[in-house]
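Trainee: Turn this into a model:
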Amino acid sequence: MLLEKKETLRFQSSGKQILQELKLYGNRISSVENTGSLKELRYLQLQYNSITTLGEGLKLKNLICLRLDHNNLTEIKCSQLCGCSNLRILNISSNRLTNLQALKVLPQLEELLAASNKLKEPPDLTPCHNLKEINLSDNQLTRINGLHFMKALEVGNTSFYRLHLGRTDNGAIATDKCRWG
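Mentor: All right, here's what the predicted structure looks like:
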């Protein structure tokens with residue numbers, strides 16, 4: 001592992017990698033590169049950094065838990081997460097994300113924490129049929145799509161502004177002027 005310029009985190013292979021958990025929170029990392037050599041990594045904690053990009057993407061097929069909360073992300077592309085097909089827990093709270101389209105490449109996702117971002121439109125959660133917990137509080141959402149198929153959803157910290165459980169013509173959950181939380 002090599003930390004260049006005290007900002008970019010690059011991983012270099014040095015033979016067989018058996019690392020399963022990596023905690024690098026509270027540093028000055030601004031981007032993450034070359035994760036493909038960490039083939040056995042299951043837990044990656046990068047919260048409380050200055051990450052603005054995931055570079056060419058995370059190629060971590062065994063990754064179960066990814067913490068990117070409290071960074072400076074404004075966008076996560078599908079191509080940056082498609083290598084994490086077994087990801088079950090994703091914490092991207094307290095960033096500056098405006099959309100979560102990349103979730104469609106995470107079919108095994110069980111827990112999504114995306115509070116305190118800049119989301120105005122709800123993410124399409126239909127591909128994430130295993131979701132059990134979602135936290136989208138402290139965003140600017142007025143509706144949520146695609147919850148009807150979730151069998152075991154637990155909605156925690158429901159601080160949605162103007163949320164009610166009515167449905168629109170297209171099946172979305174619409175909102176009115178009440179506040180929960």
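Trainee: Would you map the helices across the protein?
Mentor: Secondary structure of the chain, counting by DSSP state H: helices at 78-81.
Trainee: can you give me the strands for it?
Mentor: Using DSSP state E, the strands found in the chain span residues 2-4, 8-10, 21-23, 31-33, 43-45, 65-67, 89-91, 111-113, 133-135, 154-155.
Trainee: Including distance to residue 119, mean neighbour count and mean pLDDT, could these go into TSV?
Mentor: For glycine as for every other residue, the C-beta is placed from the backbone atoms N, C-alpha and C. As requested, the strands of the chain are exported to TSV (distance: least, Cβ to Cβ, whole Å; neighbours: other Cβ atoms under 10 Å; pLDDT from 0 to 100):
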stretch	distance to residue 119	mean neighbour count	mean pLDDT
strand 2-4	31	11	46
strand 8-10	26	18	75
strand 21-23	27	13	97
strand 31-33	22	18	93
strand 43-45	23	19	98
strand 65-67	18	20	99
strand 89-91	14	21	99
strand 111-113	12	21	97
strand 133-135	12	19	93
strand 154-155	16	14	55
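Trainee: Redo those as JSON lines? Include distance to residue 97.
Mentor: Shown next, in JSON lines, are the strands of the chain (distance: least, Cβ to Cβ, whole Å):
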{"stretch": "strand 2-4", "distance to residue 97": "25"}
{"stretch": "strand 8-10", "distance to residue 97": "20"}
{"stretch": "strand 21-23", "distance to residue 97": "23"}
{"stretch": "strand 31-33", "distance to residue 97": "16"}
{"stretch": "strand 43-45", "distance to residue 97": "18"}
{"stretch": "strand 65-67", "distance to residue 97": "14"}
{"stretch": "strand 89-91", "distance to residue 97": "11"}
{"stretch": "strand 111-113", "distance to residue 97": "12"}
{"stretch": "strand 133-135", "distance to residue 97": "13"}
{"stretch": "strand 154-155", "distance to residue 97": "20"}
